[in-house]
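Q: here are the coordinates; sequence isn't available:
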């Protein structure tokens with residue numbers, strides 16, 4: 001009897017956690033649909049309506065992931081990262097850049113699923129180190145124009161890979177993000193590819209071969225690779 005009760009309790013916990021996560025994804029989806037468009041975020045409007053983002057920020061801290069699947073965790077962490085960035089910029093707006101707030105990424109800690117953690121740790125430890133997918137770099141928003149465009153929707157576990165692949169293709173086919181110059185046989189790419197070069201050169205591939213995996217018009221292998229300066233001004 002005790003064993004049956006334990007199983008039922010466990011199933012109830014799983015169901016409650018699933019409901020909480022689904023509600024979280026829907027809240028993020030609604031919020032992004034309201035305050036973001038074509039990669040731009042209305043930080044000024046959010047600053048005047050912090051009540052729209054504060055409950056989501058609080059929910060990020062209280063979420064229980066103990067029985068979540070990998071896809072549920074990945075979707076949660078991506079959405080959590082993006083919402084924390086937006087919340088933190090909006091809270092201290094007006095800012096010209098996220099870097100105007102000391103320790104924005106590497107010092108300020110936030111409660112994420114019961115754990116106090118920085119944005120850098122959330123990105124590197126919870127996502128990149130655990131799941132080793134360089135495409136995360138194209139779905140995480142850093143509140144900067146130099147970052148790949150933020151999606152105007154939340155990430156969901158049941159369509160996670162489809163969404164991540166779509167955002168990767170969008171970024172790598174954006175001529176402002178990947179700047180190919182056929183006259184000089186050069187390609188200028190974001191500093192993201194330099195900062196995280198190990199992520200993009202796994203299994204012996206080059207940065208260009210990684211980009212070509214998702215780029216419609218392939219970059220010739222003999223083109224010279226260079227990096228343009230990162231634009232940290234707000235994506236608004």
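A: That came in fine, so what should we check first? Bear in mind the structure is a predicted one, so any value in this text is a computation, not a measurement.

Q: Helix or strand with the lowest mean pLDDT in this protein?
A: Least confident element among the helices and strands of the chain, by mean pLDDT, DSSP states H and E: helix 2-35 (a mean of 72).

Q: I'd like the next helix or strand past that one.
A: strand 36-37 (DSSP states H and E).

Q: Check which element follows that next one along the chain.
A: Counting by DSSP H and E, what follows strand 36-37 is strand 40-41.

Q: what comes into contact with the helix or strand following that next one?
A: For strand 40-41, the following helix or strand on the C-terminal side (DSSP H and E) is helix 43-48. Helix 43-48 is contacted from outside by 35, 52-53, 86, 89-91, 93-95, 234, 236, using CB atoms under 8 Å, 6 or more residues apart in numbering. Every residue, glycine included, has its C-beta placed from N, CA and C.

Q: which of the residues in helix 43-48 are buried?
A: Under the neighbour-count criterion of 16 or more other CB atoms under 10 Å, helix 43-48 has 43, 46-47 buried.

Q: And the pLDDT for the residue nearest to the spatial centre of the chain?
A: Nearest residue to the geometric centre of the chain (CA atoms, centre = their mean): residue 140, 1.8 Å. For residue 140, the pLDDT comes out at 98.

Q: surely residue 28 meets residue 78?
A: No: the criterion here is CB atoms under 8 Å, and residue 28 misses it with residue 78 at 9.6 Å.
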